[in-house]
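Visitor: Attaching a predicted model along with its sequence, questions to come.
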Amino acid sequence: MTEAPHEAAMDALKARIAGAELGASAQERGAVIGLADGLATVSGLPGVFLDEELIFSTGARGFVLALEETTVQVALIDPSDGISAGQPVARTGQAVSVPVGEALLGRVVDPLGRPLDDRELPETTARLPAERLAPGIIERDFVNQPLETGLLVVDALFAIGRGQRELIVGERQTGKTSIAVDAILNQRESDVICIYVAIGQHASAVARVIDTVRSRGAMERTIFVVAEAAGEPGLRWLAPFSATSMAEAYCETGRDVLIVYDDLTKHAATHRELALLARQPPGREAYPGDIFYLHARLLERSGKRSAKRCGGSITALPIAEIDAGNLSAYIPTNLISISDGQIVTSAALFAANQRPAIDVGLSVSRVGGKAQAGAMKAVAGRVRLDYAQYLEMKIFSRFGGFGDSASAARLVRGEWIAALLAQHRFAPLPLVAQVALLAALDAGVLDKIDPGRIAALKGVLPKRLGGDPRFDGLRALPDALDDDTRAALLEAVRAALEAE
Ligand code: ATP
Ligand code: MG
């Protein structure tokens, strides 16, 4: 960090001191009248506003979560030790805010930007409020650039565009986090900044994710914002909002950001917990009435910004957990209706060892297809339909099978597609390798070999194709794959198969 920002900050401070009006001034002082599980009830602050940061006499801070007639509900963001009824509470006149900027990259911080990785405080000079208005329609643009996840099943069938909000939803332990982490790892070679927000998870689960990202070389472009299950509910509540402010700081300088909220079901539970403590009337499934607005205003902040505004984007991958495959539960349906598509993971597929365990029938991406690379479109077009047909035929073939050869061929092709869509964790495939594999499937190059060899093929193909200048233009191809490139890709796949 250079000297200049400090000097600028000092100058600004000196100017404020010089301009300060001295003399008596009236200041509101409230008093604690109740405290329960990280939520304090405070009276005597008539001028206080929503989200304002308040300071308790122990030095602990909180922010205003709800305004009532004569009292306010304050969610604590520091431990509540020592706080008791009758103690004074001071206003700060500022909305709760977070530090933003480059210094956060590669760091693990709490929702207020305080380090959790045993290193010094990140040297940031700018701050943004945690809650900010989403950009208006005029300030937005269409999603027009792909965000490659490196997962063939996602990039081919449910392409995600920069600025899209794609929900990852499924039962416990079905690989939801792994899909998001793979997407983060795949940004190693790209210009996308990643933010992983852990909300209400156990420390050990978060540590595993951080370890993975660090050991696989994606840490330099990633920020971890962590609010553990054991921490203050106020911090858990704040986490996705403050992380989004960190994302906006990048986005507003024209950068592309990927933000993963893991997960919003736990965030909803925190919101419910605080609302019940604050005695707000419970609604469906005991969630307060504003639960839809809570996540709508959060996810509205993602999106593609117009070139006039800054040209940046925030792509959101919110994660939601469901019970027993029940996609129509309250929180998942809310989130599905707010986002631009969903990737549904299935416990049955996971148990059958199809990983990533993505249910192709229930998943959808509503905008990403428009941003998909032309070369990918050219080879992926039929895959989804063929695979869906295969899954259906597989069920019927149990009752005796199909005699005709066309159906048999379809079943064989289906086996192949299933093998192609399966992918190990932490092994993202570059676009060119994905296109080559799908082109090979289309051309029948793979027909003769055993599906079991596909995993090895995926291992060697990226290296073979990586340095080849003939494929440099693949990303930019407008609508189709030209014959020469297609032939060259097929040749490379054949060579890779022979070399094994
Ligand atoms: P939770 O509900 O606990 O958050 P989750 O749905 O996020 O779970 P993950 O933690 O991503 O699921 O994955 C669960 C387990 O499945 C992991 O321990 C991992 O070993 C395994 N797994 C996930 N994806 C894959 C994959 N593509 N290949 C092999 N194993 C996988
Ligand atoms: Mg998870």
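Guide: Okay, I see it. Ligands and ions are numbered 1, 2, ... in the order given.
Visitor: Do a quick rundown of the helices in the stretch 251-400 of the chain.
Guide: For the stretch 251-400 of the chain, applying DSSP state H, counting those that start in this stretch gives helices covering 264-277, 291-299, 330-338, 347-351, 374-380, 383-397.
Visitor: Can you tell me, leaving aside adjacent residues, what's nearest to Gly303?
Guide: Beyond its immediate neighbours in the sequence, the residue positioned closest to Gly303 (C-beta to C-beta, 6 or more residues apart in numbering) is Gly163, lying 4.9 Å away. Placement of C-beta: from N, CA and C, glycine included.
Visitor: Test my guess that the one you found contacts Ile314.
Guide: Yes: between Gly163 and Ile314 a contact is recorded at 6.8 Å, counting by C-beta atoms under 8 Å.
Visitor: got any residues that touch both of these two?
Guide: Overlap of the contact sets of Gly163 and Ile314 (by C-beta atoms under 8 Å, 6 or more residues apart in numbering) consists of Ser302, Gly303.
Visitor: Need the helices of the stretch 251-400 of the chain in CSV (columns: mean neighbour count, distance to ligand 1 and mean pLDDT).
Guide: Formatted as CSV, the entries for the helices of the stretch 251-400 of the chain read as follows, by neighbours: other C-beta atoms under 10 Å; distance: least, C-beta to the nearest ligand atom, whole Å; pLDDT from 0 to 100:
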stretch, mean neighbour count, distance to ligand 1, mean pLDDT
helix 264-277, 22, 9, 96
helix 291-299, 19, 18, 96
helix 330-338, 19, 13, 96
helix 347-351, 16, 7, 93
helix 374-380, 22, 20, 88
helix 383-397, 15, 17, 84
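Visitor: Would you format those helices as JSON lines with distance to Phe426 included?
Guide: As requested, the helices of the stretch 251-400 of the chain are exported to JSON lines (distance: least, C-beta to C-beta, whole Å):
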{"stretch": "helix 264-277", "distance to Phe426": "24"}
{"stretch": "helix 291-299", "distance to Phe426": "27"}
{"stretch": "helix 330-338", "distance to Phe426": "26"}
{"stretch": "helix 347-351", "distance to Phe426": "17"}
{"stretch": "helix 374-380", "distance to Phe426": "22"}
{"stretch": "helix 383-397", "distance to Phe426": "24"}
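Visitor: Near the residue nearest to Gly303, how many other residues are there?
Guide: Here the neighbour count serves as a burial measure; for Gly163 (other C-beta atoms under 10 Å) it reads 28.
Visitor: Next one: it, what pLDDT does it get?
Guide: pLDDT, the model's per-residue confidence, is 96 for Gly163.
Visitor: The stretch 51-200 of the chain against ligand 1: which residues are in contact?
Guide: Contact residues (C-beta under 6 Å from any ligand atom) of the stretch 51-200 of the chain with ligand 1: Arg172, Gln173, Thr174, Gly175, Lys176, Thr177, Ser178.
Visitor: Please, a PyMOL command that selects the buried ones among those?
Guide: With 16 or more other C-beta atoms under 10 Å as the burial test, the buried ones among these are selected in PyMOL as follows:
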select buried, resi 174+175+176+177+178
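Visitor: which other residues reach the least confident helix or strand in the chain by mean pLDDT?
Guide: Taking mean pLDDT, DSSP states H and E as the measure, the chain has helix 4-19 as its least confident helix or strand, at a mean of 79. Under the contact criterion C-beta under 8 Å, 6+ apart, helix 4-19 has outside partners Thr125.
Visitor: List the buried residues for that helix?
Guide: If you call a residue buried by 16+ other C-beta under 10 Å, then helix 4-19 has no buried ones at all.
Visitor: In terms of secondary structure, what does the very next helix or strand once past that helix contact?
Guide: Scanning the chain past helix 4-19 towards its C-terminal end, the next helix or strand to appear is strand 29-36 (assignment: DSSP states H and E). Strand 29-36 sits against strand 39-43, strand 88-95, with contacts defined as 3 or more C-beta pairs under 8 Å, 6 or more residues apart in numbering; DSSP states H and E.
Visitor: what lines up beside the shortest one in the sheet?
Guide: Right, strand 39-43. Sheet pairing of strand 39-43 (DSSP bridges) gives strand 29-36 (antiparallel), strand 71-76 (antiparallel).
Visitor: can you dump the C-alpha coordinates of the last one into CSV?
Guide: Coordinates of the C-alpha atoms in strand 71-76 are reproduced here as CSV (Å, rounded to 0.1, in the frame of the first residue of the first chain):
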residue,chain,number,x,y,z
THR,A,71,-38.2,1.3,21.0
VAL,A,72,-35.8,-0.1,18.4
GLN,A,73,-34.5,-3.6,17.9
VAL,A,74,-30.7,-3.7,17.6
ALA,A,75,-28.8,-6.7,16.3
LEU,A,76,-25.4,-7.0,17.9
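Visitor: who's in contact with that strand?
Guide: Where contact means C-beta under 8 Å, 6+ apart, the residues beyond strand 71-76 that reach it are 30, 33, 38-43, 45, 48, 54, 56, 60-66, 83, 89, 232-234, 237-238, 274, 277-278.
Visitor: repeat for the longest one
Guide: Outside of strand 29-36, the residues that reach it under the criterion C-beta under 8 Å, 6+ apart are 40-45, 48, 54, 56, 71-72, 80, 83-91, 277.
Visitor: Please tell me how far Thr92 sits from Pro318.
Guide: Between Thr92 and Pro318 the distance, using C-beta to C-beta, to the nearest Å, works out to 31 Å.
Visitor: Which one's more surrounded, the two?
Guide: It is Pro318, of Thr92 and Pro318, that has more neighbours when counted by other C-beta under 10 Å, with 28 against 14.
Visitor: what's near enough to touch Lys458?
Guide: Lys458 sits next to Gln423, Ala427, Leu429, Ala433, Leu437 when contact means C-beta under 8 Å, 6+ apart.
Visitor: can you give me the helices for the stretch 51-200 of the chain?
Guide: 152-157, 176-185.
Visitor: For the stretch 201-350 of the chain, which residues are neighbours of ligand 1?
Guide: Glu321.
Visitor: remind me which residues of the stretch 201-350 of the chain are low pLDDT?
Guide: Applying pLDDT under 70 to the stretch 201-350 of the chain picks out no residues at all.
Visitor: ok, and the closest non-adjacent residue to the residue of it found nearest ligand 1?
Guide: Nearest residue of the stretch 201-350 of the chain to ligand 1: Glu321, at 5.6 Å (C-beta to the nearest ligand atom). Taking C-beta to C-beta, 6+ apart as the measure, Glu321 lies nearest to Thr265, with 4.5 Å between them; neighbours along the chain are not counted.
Visitor: Which single residue of the stretch 251-400 of the chain approaches ligand 1 most closely?
Guide: Per C-beta to the nearest ligand atom, the residue of the stretch 251-400 of the chain with the smallest distance to ligand 1 is Arg355, at 3.7 Å.
Visitor: do the same with the stretch 401-500 of the chain
Guide: Closest residue of the stretch 401-500 of the chain to ligand 1, C-beta to the nearest ligand atom: Arg425 (4.0 Å).
Visitor: low-confidence ranges in the stretch 1-150 of the chain?
Guide: Screening the stretch 1-150 of the chain residue by residue with the criterion pLDDT under 70, one finds the ranges 1-5, 25.
Visitor: residues in contact with the closest residue to ligand 1 within it?
Guide: Going by C-beta to the nearest ligand atom, ligand 1 is nearest to Gly150 of the stretch 1-150 of the chain, at 11.5 Å. Neighbouring residues of Gly150 by C-beta under 8 Å, 6+ apart: Asp182, Ala183, Leu185, Asn186, Pro428, Leu429, Pro430.
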